[in-house]
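Engineer: coordinates only, sequence not included:
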């Protein structure tokens, strides 16, 4: 899994959102919050730290994705249960051991 130095989770890891109880797979990691101040005010109601990692997650059994602070995620207890999302094949080439394999996206 590709994991920035300070990030607890990596690309391809199956996670569970602690507050909203949905599962998904991480497809990108930002070392710090990277969206707008307006988005943060409207969406990040629990005021998670901006200076810690944030994750882009494909939500299982849905068509949307989310942007989630690290403190709101935990490893999924059953990572081998497949994640179902229409963009899964765009980001991942398969599943091995307990994580999805990132697709080589070139430059």
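Structural biologist: Perfect, thanks for sending it. Keep in mind it's a predicted model, so treat the numbers as computed, not measured.

Engineer: Now do the helices in the protein.
Structural biologist: 37-43, 88-91 (DSSP state H).

Engineer: Can you pull out the low-pLDDT segments for the chain?
Structural biologist: Applying pLDDT under 70 to the chain flags the ranges 1-5, 105-107.

Engineer: Would you tell me which strand is longest in it?
Structural biologist: Determined from DSSP state E, the single longest strand within the chain is strand 23-30.

Engineer: Listing partners with orientation, what would you give for it?
Structural biologist: Strand 23-30 pairs in its sheet with strand 14-17 (antiparallel), strand 54-59 (antiparallel), by DSSP bridges.

Engineer: need those strands in a markdown table with distance to residue 99, can you?
Structural biologist: Where C-beta positions appear, they are placed from N, C-alpha and C, glycine not excepted. Listed next are the strands paired with strand 23-30 as a markdown table, based on distance: least, CB to CB, whole Å:
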| stretch | distance to residue 99 |
| --- | --- |
| strand 14-17 | 7 |
| strand 54-59 | 13 |
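
Engineer: still on that earlier bit, out of the helices of the chain, flag the one nearest residue 9.
Structural biologist: helix 88-91 (15.0 Å; CB to CB).

Engineer: Which residues does that closest one contact?
Structural biologist: 25, 27, 58, 100, 102, 103 (CB atoms under 8 Å, 6 or more residues apart in numbering).

Engineer: what distance separates it from the centre of its chain?
Structural biologist: Averaging C-alpha positions (CA atoms, centre = their mean, to the nearest Å) puts helix 88-91 13 Å from its chain's average.
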